[in-house]
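A.B. asks: sharing a model prediction with you, sequence too.
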Amino acid sequence: MVGGDPARAIRHVSAMANASFLQLSGTALNVEGSAAPDWVQLVPAGPAVEGRDGRRWTMADPERLVAAFEKHGADLPVDFEHATQIKGGRGEPAPAVGWIKAIEARNGALWGRVDWNADGANAVATRAYRYLSPVFRFDPVTKAVLAMVSAGLTNNPNLHLAALNAAQPETETLPMDKAVLEALGLKPDATAADAVVAINQLQVAKTTALNAAAHPDPEHFVPRADHQLALNRIAGFETEAKTRAEAEILGAVEAAVAAGKIAPASKEYHLASCRTEGGLERFRAMIGSAPSITAPSGADRKDPPGAEPALSAEELAMCRQFNMTPEAFALAKKE
């Protein structure tokens, strides 16, 4: 019925359109004096309904069966030994011994008001028949009881109900469905009240979890947009730092080439070396004590008469980095 799923222990699912089976069950009657009772119990209190033969059904909402009866708009027959289904199905006479005129839900059980005819009233009053067995439609998948169909007087009932002619009404506490108890994490001897408490606790826990998800703690979570903005800023800072570092490395190596400290052919080697961790510091230390191995060009840094001041290797590197002409850079220096 539940299959170990807690969610199905909380929800009652029925599919009226898919119901296609009739189920013969058992009920019991109480006789006061010599008269057949007006009101009889049709189905015991749910949600778990178990027959003596071990079959199980669910009736979580008896009011739905009341609504189905009212929508049907006709009385339901009471017969002997389910003649309506057995004999009537073969085309044989199947007279009714009473008619179910109304249905009520009482404390989780389903009751019906029967208008007995002489045959039915006599059969119950004389104890020729002691039990009432209802026929109902149920969902073949969920086993949920969907609607009453009829009832039959019988002496071999399936459901656990009081006898029609018992001197005092009998009450019986049906055991809870073991699958429901297992799904709720309860012991096999737990009661229906225990199951209700467990279901309420599950509902509270679910509501608490949903509220926590909808309102995260600002001490531990930040909006996604703010998080992405911070990541973008960090990426921008890293790019800017790499650009400055590359310009500094390029300027140092080209200055060393211009000063004759390293051969122009080894420029790429020294650039790669300077890009490693601590490489630029080691390069500068080496160049600081190294002699010139090539003749520096323009080492005196004197500008020819009428010419624009020459730029250093570092300044030329900055021109390339920032896409400026040497003339524009020199002009900017003057200003």
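C.D. replies: Looks like it came in fine.
A.B. asks: going on from the host helix or strand of Ala255, what's the next piece of helix or strand?
C.D. replies: Per DSSP states H and E: Ala255 is located in helix 224-258. Heading C-terminal from helix 224-258, the first helix or strand you meet, by DSSP H and E, is helix 267-274.
A.B. asks: is it true that Thr208 lies in a strand?
C.D. replies: No - going by DSSP: H, G, I helix; E, B strand; the rest coil, the assignment for Thr208 is helix, not a strand.
A.B. asks: ok, the closest residue in space to Val66 that isn't next to it in sequence to Arg90 distance?
C.D. replies: Using CB to CB, 6 or more residues apart in numbering and skipping the chain neighbours, the partner closest in space to Val66 is Ile103 (5.1 Å). In short, each C-beta sits where N, CA and C put it, glycine included. Going from Ile103 to Arg90 by CB to CB, to the nearest Å gives 28 Å.
A.B. asks: between these two, which has more neighbouring residues?
C.D. replies: More crowded of Ile103 and Arg90, by other CB atoms under 10 Å: Ile103, with 23 against 7.
A.B. asks: what residues of the strand or helix carrying that one count as buried?
C.D. replies: Per DSSP H and E: Ile103 is located in strand 98-106. Buried residues in strand 98-106, counting neighbours by 16 or more other CB atoms under 10 Å, are found at Gly98, Trp99, Ile100, Ile103, Ala105.
A.B. asks: distance between stretch 114-122 and the chain's centre?
C.D. replies: 53 Å (CA atoms, centre = their mean, to the nearest Å).
A.B. asks: any idea how far Glu238 is from Gly279?
C.D. replies: 19 Å.
A.B. asks: check contacts around the nearest residue to Leu311 once chain neighbours are set aside.
C.D. replies: Counting by CB to CB, 6+ apart, Leu311 lies nearest to Pro326, which is 5.3 Å off, once chain neighbours are set aside. Contacts for Pro326 (CB atoms under 8 Å, 6 or more residues apart in numbering) come out as Leu311, Glu315, Leu316, Cys319.
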